[in-house]
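Chemist: Need a 3D model of the following:
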Amino acid sequence: MTTFRSLTILTFGIGLGAGAYWAAQQPLLLLSSHLTTPAAAAGRSVLYYRDPSGAPFWSSGPKKDSQGRDYLPVYDDEEFGPPPKQKAAEASRKILYYRNPMGLPDTSPVPKKDPMGMDYIPVYEGEDTDDGLIKLSPGKIQRTGEQSEPAARRVIRTLVRAPGTIQLDERRVSVIAMRAESYVQKVADVTTGTRVTKGQPLMEIYSPAISSAAAEYLATIDSRTTGANELYDRGSKQRLLNLDVPEAVIATMRKTQTAPIAIQWSSPRDGIVLERNAVEGMRAQPGDVLFRIADISVVWALIDVAERDLGSIAVGQPVTVRARSFPGRVFDGKISVIYPQVNPQTRTARARIELTNKDFALLPDMYVDAEIETGSEEPVLAVPDNAILDTGSRQTVLIDKGEGRFEPRDVKLGRRGGHYVEVREGLKEGEAVVTSANFLIDAESNLKAALKSFAEADAPTKSQLPSGAKTVGGRK
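Modeler: Numbers count the residues shown, from 1 in each chain. From the prediction side, this is the model:
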């Protein structure tokens, strides 16, 4: 029995000695584990820098101690724990409850482990306040890559793009049609696509009605002696005009006192022959179109503007038009008409742009792309568009309050352009908004809110607690 007691005491002493030895060696092992090589540190994020002697001092950036030694970096993948100052601060704060380390909606009023053996994470007083602020540790902020930018006044210009086609100016199209039964005796050497000038001969026609009116007109000129005959003279000339006989032909008849058998028909304007139906020897009935001529020195660009952009455009705005047939070339024009109708299939409205086409490069039905710069020259309060958390019915930004505190705030938005969006309400100039990792911060906020609601719902009441149970951090 004495021998057994001696062996037990000896074994216990050896165990205590070994435990003391390993306890003494633990800081050295922990220190050596953080003396990583540059190759191992590559690609890792530094959370903070700690005192090389193990003293409770740390720094957010590289630093030397009083003996000239470099502070040691603590990386994000190391289990060294929070900085010494943070540890001291946490030791002086009350623990409200413990939450599941995997983010599950499970809390506990006392320390415990999950089924995998991981410790529940304490939630300290001040981290669970109802002031609406989101609080993150410096380590989380650095890992998420959070960035902020102050709200400032900027000029927002939005570029509205719309496709379209080139069409003829309706006011610059002429049709040559006979007003009486006629016969085409001769056609000039013009074909579809030929460019003609005003007054250029196109054809010669014979019309019994025109010949009769011409003979009557010449007879009134010869017998004109009284005022009544003068009125008759004007009436006979008007009959020729009603038959669409050109003024130049009537003047020639008056000068030569002869009525030609065939009347020469000429082009009424400069332009391009779009249609030629006149054939030598053909009989033309009243209303038959023999020639169709269009002036394309000025054309229209009919563009289809999306319904959402209609409020940004107005008549008179300058427009830049680019034809797909001429890369790099720009045609400048202005909006002349916005048609008062929206296409129910495409949800677009048509706008008309007048374009000068001096070299006739733009042809009818040619595809073009229009760009309309909209917006005011006055600067407005704006933030980057990636700072907006948009749920469809609600737009929110995260205000960076500093020291890991973020305030969600609802805003009302205006125009967008150049990767910026106008803020009309909810924000002041100079306030910093989160532009990067805002979704991660918002997710962290939602997680904390969910955990809090579950903790409040699952917290046992006094009657449910066993006798002698103690409170932890103010919670039963």
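Chemist: continuing past the strand ranked longest in the chain, what's the next helix or strand?
Modeler: Assignment by DSSP state E gives strand 331-343 as the longest strand of the chain. The C-terminal neighbour of strand 331-343 among helices and strands, as given by DSSP states H and E, is strand 348-356.
Chemist: re the thing from before, just the C-alpha atoms of the longest strand of the chain, please, in PDB.
Modeler: Included here for strand 331-343 are C-alpha records, laid out as PDB according to Å, rounded to 0.1, in the frame of the first residue of the first chain:
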ATOM      1  CA  PHE A 331     -23.900  63.500 -88.200                       C
ATOM      2  CA  ASP A 332     -25.300  66.200 -85.900                       C
ATOM      3  CA  GLY A 333     -28.900  67.100 -85.700                       C
ATOM      4  CA  LYS A 334     -31.700  68.100 -83.300                       C
ATOM      5  CA  ILE A 335     -34.900  66.500 -82.100                       C
ATOM      6  CA  SER A 336     -37.700  68.100 -84.100                       C
ATOM      7  CA  VAL A 337     -40.700  66.000 -83.200                       C
ATOM      8  CA  ILE A 338     -41.500  63.400 -80.500                       C
ATOM      9  CA  TYR A 339     -44.500  61.300 -81.800                       C
ATOM     10  CA  PRO A 340     -47.300  61.100 -79.200                       C
ATOM     11  CA  GLN A 341     -47.700  57.400 -79.300                       C
ATOM     12  CA  VAL A 342     -46.000  54.400 -77.600                       C
ATOM     13  CA  ASN A 343     -45.600  51.100 -79.500                       C
END
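Chemist: Pull up the pairing partners for it, direction included.
Modeler: Taking DSSP bridges as the criterion, strand 331-343 pairs within the sheet with strand 318-323 (antiparallel), strand 348-356 (antiparallel).
Chemist: Flag every buried residue along the first one.
Modeler: Read that as strand 318-323. By neighbour count with 16 or more other Cβ atoms under 10 Å, strand 318-323 contains the buried residues 319, 321, 323. All C-beta spots, glycine's among them, are computed from the backbone N, C-alpha and C.
Chemist: want to throw those into JSON lines with distance to Q67 and pLDDT?
Modeler: Compiled in JSON lines, the buried residues of strand 318-323 are given as follows (distance: Cβ to Cβ, whole Å; pLDDT from 0 to 100):
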{"residue": "V319", "distance to Q67": "72", "pLDDT": "95"}
{"residue": "V321", "distance to Q67": "73", "pLDDT": "96"}
{"residue": "A323", "distance to Q67": "75", "pLDDT": "94"}
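Chemist: now those as CSV including distance to D70?
Modeler: What follows is the buried residues of strand 318-323, written out as CSV (distance: Cβ to Cβ, whole Å):
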residue, distance to D70
V319, 63
V321, 64
A323, 65
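Chemist: Of those residues, just say which sits nearest to P111.
Modeler: Distance from P111 was checked for each of those by Cβ to Cβ. The minimum falls on V319, at 69.8 Å.
Chemist: Please name the residues that touch the closest one.
Modeler: The neighbours of V319, taking Cβ atoms under 8 Å, 6 or more residues apart in numbering as the test, are 301, 332-335, 353, 370-372.
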